[in-house]
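> Here is a sequence together with a model predicted from it:
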Amino acid sequence: MSLFVYLITYAGIVIFCAAVLKRIISYINNPMHVRWELYPVPHEGGGKAEYGGSYLEEVDWWKKPRETSKINELKVMAAEILGLKAVYEYNRPLWFVTYPFHIGLYFTVMFLVFLFIGSIAGLMGIEALTIMAIVKFTGPLGFILTICGAAGLLYKRLTDENLKIYSSIEHYFNLILFIVTMGVAVLTWLFVDPDFVMAKTFIAGLISFKLTGISNPLFLIQIFLIVATITYIPFTHMSHFFMKYFLYHDIRWDDKPNIDSPETNAKINVVLNYPITWSAEHIAGHGKKTWAEVATFNPEAQTEKEQ
Amino acid sequence: MSKKSLTINDVSKASPILTKVDNEDLMPLPWNIKEKESKDIAEGIQNDYACILDDVSVLNIPKPKTKEEEQELVDKFISGMKKSFSRTDNWTFLTMLETTMENCAKCNTCSDACHLYEASGQNEMYRPNYRTEIFRRIYKKYVKKEPFSDLRNGKVDLNWRTIARLGEMSYRCNICRRCAQACPIGADNALVAREIRKIFSQEMGIAPPELHKGGSVNQMRTGSSTQMNAMVAKDNVEFIDEDFAEETGYEFHTPWDVEGADILLIHNAGEIMAWPDNIAAFSIIFEAAGLSWTLSSEVAGYDSINYGVFYDDVQYARTAILHAQAAKKLGVKKIVLAECGHAHKALTVIADRVLPEGLQIPRESCFPLLRDIVKSGKIKFDPSRNNFPVTLHDPCNVTRLMGIIKPQREIMKELCPQFREMVPNGPHNYCCGGGSGFAIMHRNNIGDWRNKVTGRKKISQILNAFSDSRGPEIEKYVCAPCSNCKGQIRDLIEGYELLDKEQLTYGGIVELIVNAMVDVNPGFINWEEF
């Protein structure tokens, strides 16, 4: 049984990484898209980001050096990631439940990271008391906050008419999965592994490939549930935890102008030579096969000439 | 169907209409201004077109008459939807569409950001995610073919009613992208509305007549969506020059086709017909500032509109290329977009990754240039001529979508002593209600609907901005520096009879600049009937 849980964990980690990578690679491999930014764009420098301004406020903007600010961008990212600012501003009732859920997950991730560090330290013969103190703090806090948030979200989805008709079985399943997984984690912490010694041993076993026998059934169920949840996330809309980076940086904040850039021009050349198969008469009716042919052809001028 | 009981699957049901907004549902307006009764859709329209969404018909989808035609509507839509997710057919927006389909948490944080949802009294059909959710469920089940899709994403019944209503619903959104701005994840429901419009236009050949046949097709055929060919446009501008030279006492001449000029100025040609004072004001300011500039008489070179940006990527790309070709032919140093918001966005930003090498003539907004002129000291101004309450409408395409916020305000602060902001403003503004093409639609009861629902938030903002200046004895001015916004605000002022009752008028920013010019006769702006 113990060996099986180890194997499941290895498989879960591999599937999780592969699924995340697949999504990212698939995103990166998409063709160049047009600019579709939304202001405020926080990396605008010179005080412009504060009021939502851009470099386009300058005459002959292409001749002027662009001021950008990575610090502004990081500030906005921090407020969004740590404070869920958009939900706070636009959907306060939801924020009260989604915030503990997300913060609970952040603490849980911290718990896993520090447990991993503590396990490595343990393998090196270092006691790492501070690390393990952080583990003992972040773990239970993360589990409990996640349960509270997930329960609140579940209640909202079941009772709030604004959410109910948009909620599918998957939404309910996801939230119940988090409640059950974190619930078992809390029980394990309370009754089986209060100092996370067993968890540390398990992780150390994973790292060192010394698959130490762990026989406590509740602990094994906990591991199974955590692995299942982590593996499952990238196959759902919860993939936004990493895709959000692209949605913000590559779409919402992508204000990079094309000042006759050879790199962008090469990409334009590629996309304009893509075939086009839209069927409407004004597109398909003239025998043009590529975007370049279609876009540089004025069917109406042609019609005028024919008449 | 009650607005509160509307579910996703109602979209497929054989009810006469899905929903409607009654007057008692509407968001209350300030000042207790009188609500007008709306007209019903004409019977002939209901016989010919699928008017099954609500009490308006924007897209005019031909009503299928046989089972085969019903199936054809569904099949063509699915065929188009597949192309929307093709990297070659939809390279322009595939990334944004895919990420919105896959990452939305359906938390509806976007809802309250939508002025249509708020104005309609929170009618479910106007919720930004309602149409997206229908689109998403169809996509996941019939295009992506996700296993257990009904369980995972929710059910949707696919029939001709679903498709017809979804198509019409894509024209219940101004595509102002305020919802996208509110989304914590970065999903874009406004984009989905545009993608649905694209499927109808690019695959099914169905688009509102004002945008396609009377819009982008006319522009490519005659040079302008107004159907003015170059000769007529030049004649009209010549008349404008003469009329306004006489009226203003300022001699000027609008230059055409000047090779090697620094600036090619492109107006929305609708201004020539509807607001000649705007054309004249630009010419007066550019002449007074001593700029090297020209208009172009090339096809589309004298009309900046690009309605493709509202409904069709191919028409968009063709028009953008025509604009760039006009500039290239004259050998100008740059294109300056006059007061037209969607033209700003279309040619300045989106075209950045569409125009092929050789056609990337630099392009910029008129607002920074006007700001620099006003501040340069080249022209003498008397701001007391603008000493009446003025508020500024922010066109979404210029502000939220391009980040041009300050130049307009710097002009206002310099020249308008009683300038006051609307709340909210800048990148967080509300759409005028005419966005995404609605402003040019007056068919049937569309005008009533624009006044009642789409423009409701804007008129509310305008009235609130003038809450200290009520009454017909105080002349008030809404500065709306965008042709489509101006058209919509004109209709709102007329619809709510605010010129007579409140001496409220509207116009662009250049009119305010010229009104304050010392070298021009006073009274360039007036409060006469539109």
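Here it is on my side, so go on.
> Could you give the number of residues near the residue in the stretch 51-200 of chain A that chain B sits nearest to?
In the stretch 51-200 of chain A, the residue found nearest to chain B is A:Ser54; the distance is 2.8 Å by Cβ to the nearest Cβ. The way it works is simple: take the backbone N, C-alpha and C, and place the C-beta from them, glycine included. Neighbours of A:Ser54 under the rule other Cβ atoms under 10 Å in any protein chain shown: 26.
> And the one 4 residues further on, by the same measure?
Each residue near A:Glu58 was counted by other Cβ under 10 Å, and the total is 22.
> Which residue ranges of the stretch 301-450 of chain B form strands?
Counting by DSSP state E, counting those that start in this stretch, the segments of the stretch 301-450 of chain B that form strands are B:334-337, B:363-365, B:390-392, B:419-420.
> related to what we said a few turns ago, right, and the residue of the stretch 51-200 of chain A closest to chain B touches A:Tyr39 too?
Yes: with contact taken as Cβ atoms under 8 Å, A:Ser54 and A:Tyr39 are classed as touching, separated by 6.2 Å.
> shared neighbours of these two, anything?
B:402-403 (Cβ atoms under 8 Å, 6 or more residues apart in numbering or on different chains).
> Now the phi/psi pair for the residue of the stretch 51-200 of chain A closest to chain B, please.
Backbone torsions of A:Ser54, given as degrees, to the nearest 10, read phi -140, psi 170.
> and what of the one 10 residues further on?
Listed backbone geometry of A:Lys64 is phi -100, psi 150, with angles given as degrees, to the nearest 10.
> what ranges of chain B fall below the confidence cut-off?
Applying pLDDT under 70 to chain B flags the ranges B:1-4.
> which one is the residue most central in space within it nearest to, not counting chain neighbours?
Among the residues of chain B, the smallest C-alpha distance to the mean C-alpha position (Cα atoms, centre = their mean) belongs to B:Gly435, namely 2.7 Å. Setting aside the residues directly before and after it, B:Gly435 is nearest to B:Asn174 in space (Cβ to Cβ, 6 or more residues apart in numbering or on different chains), at 3.7 Å.
> The one you found against B:Ala439, yeah?
No: in terms of Cβ under 8 Å, B:Asn174 does not count as a neighbour of B:Ala439; the distance is 9.6 Å.
> Now for those two: what residues contact both?
Each of B:Gly433 lies in contact with both B:Asn174 and B:Ala439 under the rule Cβ under 8 Å, 6+ apart.
> my read: A:Leu56 touches B:Leu337, true?
No: counting by Cβ under 8 Å, B:Leu337 is not a contact partner of A:Leu56; they are 10.7 Å apart.
> Need the overlap of contacts for the two.
Both A:Leu56 and B:Leu337 are contacted by B:348, B:364-365, under the criterion Cβ under 8 Å, 6+ apart.
> ok, of those, which come out buried?
Restricting the shared contacts of A:Leu56 and B:Leu337 to buried positions leaves B:348, B:364-365, with burial counted as 16 or more other Cβ atoms under 10 Å in any protein chain shown.
> tell me which helix or strand of chain A sits lowest on mean pLDDT?
Averaged element by element with mean pLDDT, DSSP states H and E, chain A has its least confident helix or strand at helix A:299-306 (a mean of 66).
> Now do the helices for the stretch 201-307 of chain A: every range, in order, please.
For the stretch 201-307 of chain A, helices defined by DSSP state H, counting those that start in this stretch occupy the ranges A:217-232, A:240-246, A:262-272, A:281-284, A:291-295, A:299-306.
> Among those helices, show me which one is buried the most.
Burial among the helices of the stretch 201-307 of chain A, expressed as mean neighbours by mean count of other Cβ atoms under 10 Å in any protein chain shown, is greatest for helix A:291-295, which shows a mean of 21.
> mean confidence score for it?
For helix A:291-295, mean pLDDT is 97.
> by contact count, what packs against it?
Applying 3 or more Cβ pairs under 8 Å, 6 or more residues apart in numbering or on different chains; DSSP states H and E, one finds that helix A:291-295 makes contact with helix A:262-272, helix B:313-330.
> what's next to that helix, contact-wise?
Applying Cβ under 8 Å, 6+ apart, the set of residues contacting helix A:291-295 from outside is A:271-274, A:276, A:283, A:286, A:288, B:91, B:314, B:317-318, B:321, B:354, B:356.
> at 6 Å instead, please
Outside helix A:291-295, the residues within contact range by Cβ atoms under 6 Å, 6 or more residues apart in numbering or on different chains are A:272-274, A:276, A:288, B:314, B:317-318, B:321.
> what residues are up against B:Glu364?
B:Glu364 touches B:Val336, counting by Cβ under 6 Å, 6+ apart.
> quick one: it from B:Val237, how far?
As for B:Glu364, its distance to B:Val237 is 22 Å (criterion: Cβ to Cβ, to the nearest Å).
> what's the answer for A:Phe107, then?
With the distance defined as Cβ to Cβ, A:Phe107 ends up 67 Å from B:Val237.
> Of the two, which one has the most company?
Each of A:Phe107 and B:Val237 has its neighbours counted (other Cβ under 10 Å); B:Val237 has more, 25 against 20.
> quick one: contacts of stretch B:396-405?
Looking at stretch B:396-405 with Cβ under 6 Å, 6+ apart, the contacting residues turn out to be A:39, A:51-54, A:56-57, B:176, B:341-342, B:344-345, B:365, B:367, B:426-427, B:429, B:431, B:435.
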